[in-house]
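Enquirer: Got a predicted model here, sequence first, then my questions.
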Amino acid sequence: MMPLLLLVLFIVVPAIEIYVLIQVGQVIGVLPTIVLLLADAALGTWLFRREGRKAWTALSTALAERRIPAKEVADGALVVLGGAFLLTPGFVTDVIGVLCLLPPTRAVLRRLMTGLLTRRLLGVPMPGENRHPVVDGHVVDGRVVDGHVVDGRVDPPES
């Protein structure tokens, strides 16, 4: 999983960014593309600072109220991730960064991230993942039967 993620981050994403930059440059010209990138960076920086301050204030408030700041920590992580995407030059990563920063889309991403982390931490298989139970170090393959084993045969559960 990690090598695939690194491949995407260091090869696929830059290739997509270069392609999009070339396409935009061909449509609107080189100088307008550069101006658009600079304006995009300025807007992204402003948005990052604003949402970062809000996330920090929400975290401080939750801690002052002695609440577990789960939502606030997740929002803070998404704001930092969004800022990192905005620091990466290009339009595609900037769109992803802005999605991490805007409160409505950040709420959706927070729910997705929370669900993913909960499944991973609890050991729940992801969709499409095939996990078999392990007994004494051996994978048990086969059908799971609900019932009681009596003298080598399975009696159905009592209703």
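Expert: That came through fine. Residues are numbered from 1 along each chain as shown.

Enquirer: what helices or strands is the helix ranked longest in the chain leaning on?
Expert: The single longest helix within the chain, with elements called by DSSP state H, is helix 30-64. Packed against helix 30-64 by the contact rule (3 or more Cβ pairs under 8 Å, 6 or more residues apart in numbering; DSSP states H and E) you find helix 13-28, helix 70-87, helix 91-101. In short, each C-beta sits where N, CA and C put it, glycine included.

Enquirer: Using TSV, please lay out the ones you listed together with mean neighbour count.
Expert: Conversion of these to TSV gives the following (neighbours: other Cβ atoms under 10 Å):
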stretch	mean neighbour count
helix 13-28	14
helix 70-87	18
helix 91-101	20
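
Enquirer: Show me the one of those helices that comes nearest A107.
Expert: Taking Cβ to Cβ as the criterion, A107 comes closest to helix 70-87 out of the helices and strands packed on helix 30-64, the separation being 8.5 Å.

Enquirer: Which secondary structure elements does the closest one sit against?
Expert: helix 30-64, helix 91-101, helix 103-122.

Enquirer: center of this protein, which residue is that?
Expert: In the chain, the C-alpha nearest the mean C-alpha coordinate belongs to M113, at 5.1 Å (Cα atoms, centre = their mean).

Enquirer: so what's that residue scoring on pLDDT?
Expert: Per-residue confidence (pLDDT) for M113: 89.
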